[in-house]
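# Generate coordinates for the sequence data below:
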Amino acid sequence: MDAPAATRPSIEAPEAVYFGNGCFWGRQFDFVSAEKALGRGPEQISAVVGYAGGRQTGPDGKVCYYLADPRVGGAGG
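Numbering: from 1, shown residues only. You can find the predicted model right below:
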């Protein structure tokens with residue numbers, strides 16, 4: 001009995017996925033690090049970040065802020 005011919009998986013159009021979890025700069029760092037670990041180069045990295053909150057600002061006029069954790073050299077958020 002012959003083995004079935006190898007087939008390439010179909011490549012579908014990418015899906016947009018939204019994560020709402022804390023500092024978007026920290027998430028950008030995490031996603032880019034994960035994609036690099038998968039062997040993707042700069043031209044293949046697809047993680048992008050942005051603010052998707054409401055229209056109101058805080059008392060100081062900001063919509064978000066960043067608080068670096070000195071234990072991790074300022075990375076994360």
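# which residues in the chain form helices?
Ranges of helices in the chain, per DSSP state H, are 24-37.
# Run through it and note the low-pLDDT ranges.
Applying pLDDT under 70 to the chain flags residues 1-11, 20-23, 47-54, 64-77.
# repeat that for 50
Scanning the chain for pLDDT under 50 picks out the ranges 75-77.
# what separates Arg40 from Trp25, distance-wise?
20 Å (CB to CB, to the nearest Å). C-beta: built from backbone N, CA, C; applies to glycine.
# And for Ser33?
13 Å.
# ok, the two, which is more surrounded?
Neighbour count, other CB atoms under 10 Å: between Ser33 and Trp25, Trp25 has more, with 15 against 12.
# Dump the C-alpha coordinates for stretch 34-48 into PDB.
Extracted in PDB, the C-alpha atoms of stretch 34-48 (Å, rounded to 0.1, in the frame of the first residue of the first chain):
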ATOM      1  CA  ALA A  34       7.400  35.400  20.800                       C
ATOM      2  CA  GLU A  35       7.500  35.800  17.000                       C
ATOM      3  CA  LYS A  36      11.300  36.100  17.000                       C
ATOM      4  CA  ALA A  37      11.500  32.900  19.000                       C
ATOM      5  CA  LEU A  38       9.500  31.200  16.200                       C
ATOM      6  CA  GLY A  39      12.300  32.300  13.800                       C
ATOM      7  CA  ARG A  40      10.500  35.200  12.100                       C
ATOM      8  CA  GLY A  41      12.600  38.100  10.800                       C
ATOM      9  CA  PRO A  42      11.700  41.800  11.000                       C
ATOM     10  CA  GLU A  43       9.900  41.600   7.700                       C
ATOM     11  CA  GLN A  44       7.600  38.800   9.000                       C
ATOM     12  CA  ILE A  45       6.700  40.200  12.500                       C
ATOM     13  CA  SER A  46       3.100  41.100  12.500                       C
ATOM     14  CA  ALA A  47       2.500  42.300  16.100                       C
ATOM     15  CA  VAL A  48       1.400  45.900  16.300                       C
END
